[in-house]
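Asker: Predicted model and sequence below, questions to follow.
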Amino acid sequence: MSGSLDRLPRLLALVPYLLSHPGARAADVAALFEITEQQLRKDLDLLWVCGLPGHGPGDLIDMELEGDTITLFEPAGVTRPLRLTADEALALLVALRTLAETPGLVDRDVVSRTLAKIEEAAGAAAGPADRVAVAVEHQTGEDQVLPVVRQALAENRRVHLSYHVPARDETTERDVDPMRLLLVEGHTYLEGWCRRVEGVRLFRLDRVVGITLLDLPAEPPPEAAPRDLSQGLFQPSPGDQLVTIALQPGAHWVADYQPCESVEDLGDGTLVARVRTPDTAWVRRLALRLGDQARVLEPAGLVDQVRADARAALAAYDR
Amino acid sequence: MSAKKTERLLNLVICLLATRRYLSVQEIRDAVPGYESGNEESFRRMFERDKEELRELGIPLETGTESAVHDDELGYRIARRDYELPPISLSPDEAAALGLAARLWQSAPLAGATGNALLKLRAAGIDAPEASGALEPRVGATEPAFAACLSAVRDGRALRFTYRASGRSPEERTVEAWGVVSWRGRWYLVGFDTARQASRVFRLSRILGPAVPIGPEHDVRPPEDLDLRALVERMAGEQPRSTARVRLRPGAGWALRREATSSTIDADGWDVVEVGYSDPERFADRVTGYGADAVVLSPDEARAAVVRRLESLAR
């Protein structure tokens, strides 16, 4: 996007903003518009020379700078911001609908009221928002879990979780100091300091089998840092194992759904994916379910394990 | 881009907002600083580009003539009611919900659109607070084709792109864009495949290279009863068609147990659960993942599908 396409909309919002916030502090305005104070000064300098045709003293945009405050008193007719574009309306409306879809995350009535008001203000621009949706999955059990998690976060209390780990098909017991609730990739997660593994972990709420609010304060240690989610939900850790799998067409979906180090297309319908995993039990399960559509290439030990798993499972069908 | 041009465009907006009657191109040239220099032809070119930029920003330029009698030159104005954001006010809890929703989009173009929308709302007097960090809703859209699909859906256009369907070689597809849906963190395009004459769902990550819009805007009309969410649910898992009986080692097969419609214990202390499924192959995928901890007892189609998978691995 060219500079003027960024700057003009900002100026068209800045004038009515300043008009409705007399005495606004320059630092606050710059922060709100996500520009430096220096850039704000440049913007104001430009506004000063713009105005109604004639461009005489009474026609120009006029304001008073006093100390670090700005008071705009002559907007040259730019008294209201521009309407929302279809993209802008869509971004807000689909986001609000996504929140409304997730039971227990926010007060649904409040979100519905907000939605109605934004829709009305957007007018015709709201139309395309009906064609974009973010699906949020939830299990019935989550409805019981989420309020407890929210209460724990609000009261800063520790919880006890019975949590299912699908990679090992095990239900584990652990005490967790809640840090944040996340809605990521269509699922709700609790991020917290797990006292069992002494690390920050994500717990998908539909895999919480049981939750108890404990009469203990949540005390995540100072080193418990929230994850940076900009690179996605799952991040490799130094202890991970690297697994190489050859995927036939029926298993290509794995390359879409699993964060892969690399995916090589051999051109004959085979994709060779290199995946990092903290737990090779997960790879064994994956290899079993993919059957002849996938073959573990490395590590070699894992190949033998999968074969042994398959033979053991097959024995039950021979009876 | 120069400050001079921004200044000219801003003056143009102010000028066209202030006028009630349509201004001819010559009147605009006289009224707006920045148009005076150069010859007529270069001014016309400049004005055409400026109009295009204003339209891209969503500024509604109205064209018309002052007199129906004379064959006047086309004039321009901006109707205030079409330009201005209507009055809106939010209570503090509504503003907080908006502040939270505004954190949802993690990537272009919707993250940028959210920022611009918030600036307009703040300029309209709404105080959307920064949401606290205790709740983080996040939706990314990193697929390269996302922006093109979103624009096509917004503008009611068709798209042409190369698509690699699961297990097939890449093919060119022409699709009337109906909607885009995020499902489990991945984006899908829903539309009408013109070659196949049927509605289809495309995973954006499988679109190779650029997705090119074709045809005029507003040419594509999604069906009145289009239900994106229902389509997504159909993608997620069909309604159960048959019921399988599966024997599970105590404590194992949690995901199957959760869906079980009934559960009994057999003589060895294993659980026998009944689970609905729609496709025996997909069901077999799930059961096989549990290895020796889960055994399909019936029906034969599901049992045979599991055995086939295991045999190919046991060799």
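Answerer: Arrived safely, thanks for sending. Predicted model, so just to flag it, every value in this text is computed and none were measured.

Asker: Where do the strands of chain A begin and end?
Answerer: A:24-25, A:62-66, A:69-74, A:132-134, A:157-165, A:170-184, A:187-194, A:199-204, A:208-217, A:241-247, A:260-265, A:271-277, A:294-298 (DSSP state E).

Asker: now those as CSV including mean neighbour count, mean pLDDT and distance to chain B?
Answerer: For the C-beta atoms, the positions are set from N, CA and C on the backbone; glycine is no exception. Listed next are the strands of chain A as CSV, based on neighbours: other CB atoms under 10 Å in any protein chain shown; pLDDT from 0 to 100; distance: least, CB to the nearest CB, whole Å:
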stretch, mean neighbour count, mean pLDDT, distance to chain B
strand A:24-25, 15, 96, 11
strand A:62-66, 13, 93, 13
strand A:69-74, 17, 95, 11
strand A:132-134, 24, 89, 4
strand A:157-165, 20, 94, 5
strand A:170-184, 19, 91, 4
strand A:187-194, 23, 91, 8
strand A:199-204, 19, 90, 11
strand A:208-217, 14, 94, 8
strand A:241-247, 18, 89, 10
strand A:260-265, 14, 84, 9
strand A:271-277, 18, 88, 10
strand A:294-298, 19, 87, 9
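
Asker: Rebuild those strands as TSV, extending it with distance to residue B:64.
Answerer: Output for the strands of chain A, formatted as TSV (distance: least, CB to CB, whole Å):
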stretch	distance to residue B:64
strand A:24-25	38
strand A:62-66	32
strand A:69-74	29
strand A:132-134	34
strand A:157-165	65
strand A:170-184	48
strand A:187-194	53
strand A:199-204	58
strand A:208-217	62
strand A:241-247	61
strand A:260-265	56
strand A:271-277	58
strand A:294-298	65
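
Asker: Tell me which of these approaches residue B:155 most closely.
Answerer: strand A:132-134 (12.9 Å; CB to CB).

Asker: Can you list the strands that that closest one pairs with?
Answerer: strand B:171-183 (parallel) (DSSP bridges).

Asker: Mind listing residues that contact whichever helix or strand comes after the partner strand?
Answerer: Using DSSP states H and E, the next helix or strand after strand B:171-183 towards the C-terminus is strand B:186-193. With contacts defined as CB atoms under 8 Å, 6 or more residues apart in numbering or on different chains, strand B:186-193 is touched by A:256-257, B:141, B:143, B:145-146, B:149, B:153, B:158-159, B:173-182, B:198-205, B:207, B:220, B:226, B:228, B:231-232, B:235.

Asker: Against residue B:254, how distant is the closest residue to residue A:209 other than its chain neighbours?
Answerer: Counting by CB to CB, 6 or more residues apart in numbering or on different chains, residue A:209 lies nearest to residue A:162, which is 4.2 Å off, once chain neighbours are set aside. Residue A:162 sits at a distance of 11 Å from residue B:254 (criterion: CB to CB, to the nearest Å).

Asker: which residues are common contacts for the two?
Answerer: Here residue A:162 and residue B:254 share the contacting residues residue A:171, scored by CB under 8 Å, 6+ apart.

Asker: Is there a neighbour count for residue B:158? I'd like the number.
Answerer: As a burial measure, residue B:158 scores 19 neighbours (other CB atoms under 10 Å in any protein chain shown).

Asker: Same check on the one 10 residues further on?
Answerer: Number of residues near residue B:168 (other CB under 10 Å) recorded here: 12.

Asker: was I right about it contacting residue A:249?
Answerer: Yes: contact criterion CB atoms under 8 Å: residue B:168 and residue A:249 qualify, at 7.3 Å.

Asker: partner residues bridging the closest residue to residue A:295 other than its chain neighbours?
Answerer: With sequence-adjacent residues excluded and distances taken as CB to CB, 6+ apart, residue A:295 is closest to residue A:246, at 4.7 Å. On the basis of DSSP bridges, residue A:246 is bridged to residue A:272, residue A:295.

Asker: before we move on, back to that, which among the strands of chain A is found nearest to residue A:142?
Answerer: Of all the strands of chain A, strand A:187-194 sits nearest to residue A:142, with 6.7 Å by CB to CB.

Asker: The helix or strand hosting residue B:245 - contacts with which helices or strands?
Answerer: Assigned by DSSP H and E, residue B:245 belongs to strand B:242-248. With contacts taken as 3 or more CB pairs under 8 Å, 6 or more residues apart in numbering or on different chains; DSSP states H and E, strand B:242-248 sits against helix B:254-259, strand B:271-277, helix B:280-288, strand B:294-298, helix B:300-314.
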